[in-house]
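how does the following fold in three dimensions:
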Amino acid sequence: MNTRERQDIFKVVERTIHPLTRISKFTLKKNIKGLLRNSTLEIVHATDFPQDTTVVKSYKTIKRKGGSLMNKKIKQLNAFTLAEVLITLGVIGVVAAVTFPSLISKYQEQVTVNHLLKTYSILSQAVQRMQSDYGTIDTWGLRNTETGQIDEETGKTIYDLSAQKIVAERLKQYLKVTKTCELGKICLNASSYTLSGQKIGDPAPVSASSAAPPEARFFLADGTYIMIGWYDTNLKKIDIMTNLTQYDKKKSIFGKNTFYFELQKKGLIPEGKTENAEGFNKCDPKLTNNTRAGRGCAAWVIYNKNMDYLHCREKLGWDKKRSCKE
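Numbers count the residues shown, from 1 in each chain. Presented below is the predicted three-dimensional model:
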């Protein structure tokens, strides 16, 4: 066997064996002469390559024909069949289909938690500055929103919207408001739902008989929708609704992307853990036939930084577990 043929065989061995082992090119070349027998390369024992005793067991058959190499066939022990690859991909697909929705849901919940915490911080600071300049809300002489009167011509309830207009006018001085709603136009284009899925209403243009005037409906710079609710003269508090509808532009769901606060003498209080607010019992996905289901979730999200009531509500409570992981 001439030098050219030996070099050709060495290249084949180097290309096929060396990448699969940990031996160096120097060791490979050093042992090549002892591996060439009768125009056929046959490595029977791993001891032919002393630096690797586990990977290489047998590499056979490099045949020569007509003085040149015609066939280079190396059996690799770590190869996979097409069936094995397809089965593996199928298993991965099934696992992904099961786990991805849960991961996406948890991610969206965490985004909502962070957004609500940010909104609460912005509103709280604005309320503090407002009350510093104008005094606490109980000293403003606001009138009750519910008048108990009915319009004889239309048969609709008459509301006194003056308190909402005053609170909105003063509060907006300390917020970055990008848009205030207009009379006769739809402001929040999303249907309202309770936490249990009960539909409350569809989007409608703001009218003079609406429960909140257009001045009391506005958007912050980050897209958060704010609506000033009814004032209660007995409890000396007014409701403030925050809506994070950028996460579901078609639905406004209490306890998922819509949360309520109370503006009172003590400041801005998230509903769900105060004496006069909706309690945590109103933060239950299984609470049906109740149009206020989900209104008591804001405090839970802000103080516990999770929305686990969507997953293990029966285990949670202010005097019980604070998360599903506990």
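
state the distance from K237 to G197.
When CB to CB, to the nearest Å is applied, the distance between K237 and G197 equals 28 Å. Every residue, glycine included, has its C-beta placed from N, CA and C.

more crowded one of those two?
Per other CB atoms under 10 Å, whichever of K237 and G197 has more neighbours is K237, with 23 against 12.

if I pick the residue nearest to the more buried one when sequence neighbours are not counted, what's in contact with it?
Closest residue to K237 in three dimensions, ignoring its sequence neighbours and counting by CB to CB, 6 or more residues apart in numbering: Q264, at 3.9 Å. Remark: with contacts taken as CB atoms under 8 Å, 6 or more residues apart in numbering, Q264 is in contact with 137-138, 235-238, 276.

where does this structure dip in pLDDT?
1-78, 100, 245-248, 274-278 (pLDDT under 70).

geometric centre of it: which residue is closest?
Per CA atoms, centre = their mean, the C-alpha nearest to the average position across the chain is that of Q108, at 1.8 Å.

which is the next helix or strand following the helix or strand hosting it?
In this structure, Q108 sits in helix 82-134 according to DSSP states H and E. Stepping forward along the backbone from helix 82-134, the first helix or strand reached (DSSP H and E) is strand 146-150.

ok so, going back, tell me which residues form a beta bridge with the residue nearest to K237?
G267 (DSSP bridges).

repeat for G201
According to DSSP bridges, beta-bridge pairing links G201 with S192.

wait, it touches Y193, no?
No. Counting by CB atoms under 8 Å, no contact exists between G201 and Y193, whose distance comes to 9.2 Å.

the more surrounded of these two?
Y193 (22 against 10).

which residues does the more buried one contact?
Under the criterion of CB under 8 Å, 6+ apart, the contact partners of Y193 comprise 199-200, 251-254.

how many residues are close by V113?
The number of residues packed around V113, counting by other CB under 10 Å, is 16.

do the same with D151
Other residues near D151 number 10, with proximity taken as other CB under 10 Å.

roughly how far apart are the closest residue to it other than its chain neighbours and D222?
Across the structure, with CB to CB, 6+ apart as the measure, the residue nearest D151 apart from its sequence neighbours is I158 (5.6 Å). Distance of I158 to D222, computed by CB to CB: 35 Å.

got it, and N144?
Relative to D222, N144 is positioned 33 Å away (criterion: CB to CB).

got the buried residues for the strand or helix carrying K165?
When secondary structure is defined using DSSP H and E, the element that contains K165 is helix 162-171. Of the residues in helix 162-171, those with enough neighbours to count as buried (16 or more other CB atoms under 10 Å) are 163-164, 166-168, 170-171.

for it, packing partners?
helix 82-134, strand 225-232, strand 237-243 (3 or more CB pairs under 8 Å, 6 or more residues apart in numbering; DSSP states H and E).

before we move on, the earlier item: the buried residues of helix 162-171: which two are farthest apart?
When the buried residues of helix 162-171 are compared pair by pair using CB to CB, the farthest-apart members prove to be A163 and L171, with a separation of 12.1 Å.

what is the burial count for S323?
Residues near S323, counting by other CB under 10 Å, number 14.

hmm, Y309 and it touching each other?
No. Contact status for S323 versus Y309: not in contact, 9.9 Å apart, counting by CB under 8 Å.

what's the burial count for the nearest residue to D284 once chain neighbours are set aside?
Distances taken as CB to CB, 6+ apart put R313 closest to D284, at 5.5 Å, once the chain neighbours are dropped. Residue crowding around R313 was assessed by other CB under 10 Å; the count is 17.

check F80 too.
Each residue near F80 was counted by other CB under 10 Å, and the total is 10.

ok, now the one 10 residues further on?
In terms of burial, G90 registers 10 neighbours under the definition other CB under 10 Å.

hey, C-alpha coordinates of stretch 122-137 in CSV?
Below are the C-alpha coordinates for stretch 122-137, written out as CSV (Å, rounded to 0.1, in the frame of the first residue of the first chain):
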residue,chain,number,x,y,z
ILE,A,122,-50.1,56.3,41.2
LEU,A,123,-53.6,56.8,42.5
SER,A,124,-52.5,56.7,46.1
GLN,A,125,-49.9,59.4,45.6
ALA,A,126,-52.5,61.5,43.7
VAL,A,127,-55.0,61.1,46.5
GLN,A,128,-52.5,62.1,49.1
ARG,A,129,-51.6,65.3,47.2
MET,A,130,-55.3,66.1,46.6
GLN,A,131,-56.3,65.7,50.2
SER,A,132,-53.2,67.7,51.3
ASP,A,133,-54.5,70.6,49.2
TYR,A,134,-58.3,70.2,49.6
GLY,A,135,-58.7,68.3,52.8
THR,A,136,-60.2,64.8,53.3
ILE,A,137,-63.2,63.9,51.2
